[in-house]
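[1] need a structure here:
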Amino acid sequence: QTDNNVSAYYQITHANGEAYTLKGRNALGKEFVIMSQRKFANYAEYNGYKSHNNSIQIVATEDNTQVTIVPTNPVVQDDGTTSAATINVTLKKGETYAVKSATTAASAHLIGTRVTATKPIAVTTSDDSVDSGVGQDAVGEQLVPIDMAGTDYTIIPLIGTTDTREYAYVVALQASTTLTITDGGGSSNVTLATAGAWHEIHLSGVTYLHADKDIQVFQFTCRNGESGGTVLPQMLCTGSKHVTYKRIPNSDLCYLNILTQTANVGYLTMNGNHLPLSSFKPVPGNPSWSYITYDATSKPAAMPVEVEITHGVFQLGVVDHAAIPQGTLTYGYFSDYATTSPVHVTFEAQDVDTALVVDEGDRVILIASAADGVGEFTW
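    This is a model prediction of the structure:
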């Protein structure tokens, strides 16, 4: 707790490294769906340690918090048995409850599991020693509640490698959700029939997702067998104005994935220097947004990376890799995940959904649509 706003993350920096970006109050909620990868199993044993199963950690922020867990696969119960039965537990303030999948198999992972509570909780998912076939590495993230979900996401895979182990996992929050997937090869549609249903996307490039109902998205990335994962912020979240990142020890590769509205690309700086406009590219299927993957590897590893914008907001994903003393990769998104009220633009009495060109003197009306409990806006 601080007297002024800060950003925070914790980072595992040894052989099984991962970055867990902390979302502050935006991580607190009463309803969560568990995000994870389902492609790779957990390594059965690493340096003498066993049972690196996919797991969920829940922490209560208030006394007498009643938590309900509805697993999608069997989990290890308190008495050591395994069952997919619903779990009910009451937690005190600061008390933590954890469950893990019954086996290390990829099919045993807990993606789609529902966690609900009577009072605000925080939830983390961990996936240790993910066996990608070349190496083993930890994957995990602090989750955000479903009221931080949205309908639009951009997925930026790791560049500079021929590694093909790049995946995204989309979880539907409502039944009959239609998902449109757009990348450099065109668009395709998928229907997720039930709440909690998930869809795996094998990424071949930057991908834009649009759904007709709220979804949540988890991205899995890999290099040289070392893995990382993160929950993606929806594109219309409140974003960030300023992010500072400290690289992991022995970092030998660092990529910054930055996403912003196209109108804002000229206002982004890294350590005081403007990012090159020529390096920004439009998001496939949504050119009003642009992205850049900036290779920060040559920057001194001891110098924090500081990204700032003077107009608009941005989202920042950081991929950090170290080859020594043992290989590891961390991946996290640094963004304010909070949802924003939709803004409707009208021109000549018509609603406008796409980019708009107006002449001097034309009248444009911006109307903010208030969510429940919201009574104040800053324009």
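[2] for the stretch 101-250 of the chain, which spans come out with low pLDDT?
    159-163 (pLDDT under 70).
[3] Tell me which stretches of it form strands.
    For the stretch 101-250 of the chain, the strands defined by DSSP state E, counting those that start in this stretch cover 114-131, 136-142, 150-155, 167-172, 177-183, 186-192, 198-202, 207-223, 226-231, 242-245.
[4] Now do the same contact list for residue 273.
    When the contact criterion is CB atoms under 8 Å, 6 or more residues apart in numbering, residue 273 has no partners at all. Every C-beta, even on glycine, is put in place using the N, C-alpha and C of the backbone.
[5] Doesn't residue 26 belong to a helix?
    Yes: read with DSSP: H, G, I helix; E, B strand; the rest coil, residue 26 is one of the residues of a helix.
[6] OK, contacts around it?
    Neighbouring residues of residue 26 by CB under 8 Å, 6+ apart: 144, 148, 336-338.
[7] For stretch 44-61, what is the distance to the chain centroid?
    Put simply, stretch 44-61 sits 20 Å off its chain's centre (CA atoms, centre = their mean, to the nearest Å).
[8] How about stretch 222-241?
    On CA atoms, centre = their mean, the centre of stretch 222-241 falls 4 Å from the chain's centre.
[9] how far does that stretch stretch from start to finish?
    End-to-end span of stretch 222-241 (CA to CA, to the nearest Å): 28 Å.
[10] number of nearby residues for residue 133?
    The number of residues packed near residue 133 is 10, by other CB atoms under 10 Å.
[11] before we move on, the earlier item: as TSV, the strands of the stretch 101-250 of the chain with mean neighbour count would be great.
    Shown next, in TSV, are the strands of the stretch 101-250 of the chain (neighbours: other CB atoms under 10 Å):
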stretch	mean neighbour count
strand 114-131	22
strand 136-142	27
strand 150-155	22
strand 167-172	24
strand 177-183	19
strand 186-192	13
strand 198-202	16
strand 207-223	23
strand 226-231	27
strand 242-245	18
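[12] Redo those strands as JSON lines? Include distance to residue 78.
    Conversion of the strands of the stretch 101-250 of the chain to JSON lines gives the following (distance: least, CB to CB, whole Å):
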{"stretch": "strand 114-131", "distance to residue 78": "16"}
{"stretch": "strand 136-142", "distance to residue 78": "22"}
{"stretch": "strand 150-155", "distance to residue 78": "36"}
{"stretch": "strand 167-172", "distance to residue 78": "27"}
{"stretch": "strand 177-183", "distance to residue 78": "34"}
{"stretch": "strand 186-192", "distance to residue 78": "32"}
{"stretch": "strand 198-202", "distance to residue 78": "27"}
{"stretch": "strand 207-223", "distance to residue 78": "27"}
{"stretch": "strand 226-231", "distance to residue 78": "28"}
{"stretch": "strand 242-245", "distance to residue 78": "39"}
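[13] Which residues does stretch 297-316 contact?
    Stretch 297-316 has contacts (CB under 8 Å, 6+ apart) with 233, 235, 237-247, 250-261, 263-264, 267-272, 296, 318, 333-336.
[14] and it, which residues are buried?
    For stretch 297-316, burial by neighbour count (16 or more other CB atoms under 10 Å) applies to 299, 301, 305, 307-309, 313-316.
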